[in-house]
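S.K.: what shape does this take:
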Amino acid sequence: MTKLKIALVAFLGLLLGAPAFAQSSRELQRAFMKIDAQIETGINYRVYNVLVGDANLELKLYAASKEGVQHPQAIASFKSSLLQYALAASLWERKLQGAGWKTISPTEPMYRGLVTSYPDATKSLKEGGAMCDDRTLSIEFLLPLIWQRAGEQSKLAMSLM
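M.R.: Alright, predicted model coming up:
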């Protein structure tokens, strides 16, 4: 009788525990897909920051789970995606501060990192890049490039799960 109880408890534990792990990865994927979907349909700054915060929380929860520990490459890709979404948030905030902050000058420390990380940004605005005539980067045209790369990283992460 005791062996039967132990077996029953173990079975129920596995049965009830499995959906929790699946839910964790599903929620993580959903959080990142939500950001991408909102960007595609149009998003405002406040909603964007909430979505990025939600994705950060889901990533932390998943990374701490047993399933997350088994997928370090997926975690790394999600973290890369999240860093890019956070970069976009900080640039977007800068853009909202006023007219003088809508571009990034070649003399600014972040300029080199941006053109290295996002080579398409060096294309002219007409060519789909973010480079203005005066060699500054337009934040308005840089954001879609960052979002595109972040979306690619999150899709890669999902394929690694």
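
S.K.: from here on, contacts and neighbour counts on C-alpha atoms
M.R.: OK.

S.K.: skip the chain neighbours and tell me the closest residue to Leu61.
M.R.: Ser24 (7.4 Å; C-alpha to C-alpha, 6 or more residues apart in numbering).

S.K.: one more: Gln84?
M.R.: Ala150 (5.6 Å).

S.K.: Ala88 is in contact with the one you found, correct?
M.R.: No - using C-alpha atoms under 8 Å, Ala150 is not in contact with Ala88, being 9.5 Å away.

S.K.: who's more crowded, these two?
M.R.: With neighbours defined as other C-alpha atoms under 10 Å, Ala150 and Ala88 compare such that Ala150 has more, 27 against 22.

S.K.: show me what Thr103 is bridged to.
M.R.: Applying DSSP bridges to Thr103 yields these beta-bridge partners: Ser138.

S.K.: need the helix or strand of this structure with the lowest average pLDDT.
M.R.: Lowest on mean pLDDT, DSSP states H and E among the helices and strands of the chain sits helix 2-41, with a mean of 68.

S.K.: any idea which helix or strand comes after that one?
M.R.: Next helix or strand after helix 2-41 toward the C-terminus (DSSP states H and E): helix 45-64.

S.K.: give me the buried positions along that next one.
M.R.: Tyr48, Asn49, Leu51, Val52, Asp54, Ala55, Asn56, Glu58, Leu59, Tyr62, Ala63 (16 or more other C-alpha atoms under 10 Å).

S.K.: other SSEs contacting that helix?
M.R.: On a contact count with 3 or more C-alpha pairs under 8 Å, 6 or more residues apart in numbering; DSSP states H and E, helix 45-64 meets helix 2-41, helix 72-96.

S.K.: so for it, mean pLDDT?
M.R.: The pLDDT scores in helix 45-64 average 94.

S.K.: the helix or strand just after it packs against which elements?
M.R.: Downstream of helix 45-64, the first helix or strand assigned by DSSP H and E is helix 66-69. Helix 66-69 sits against helix 2-41, with contacts defined as 3+ C-alpha pairs under 8 Å, 6+ apart.

S.K.: rerun at 10 Å
M.R.: Applying 3 or more C-alpha pairs under 10 Å, 6 or more residues apart in numbering; DSSP states H and E, one finds that helix 66-69 contacts helix 2-41, helix 45-64, helix 72-96.
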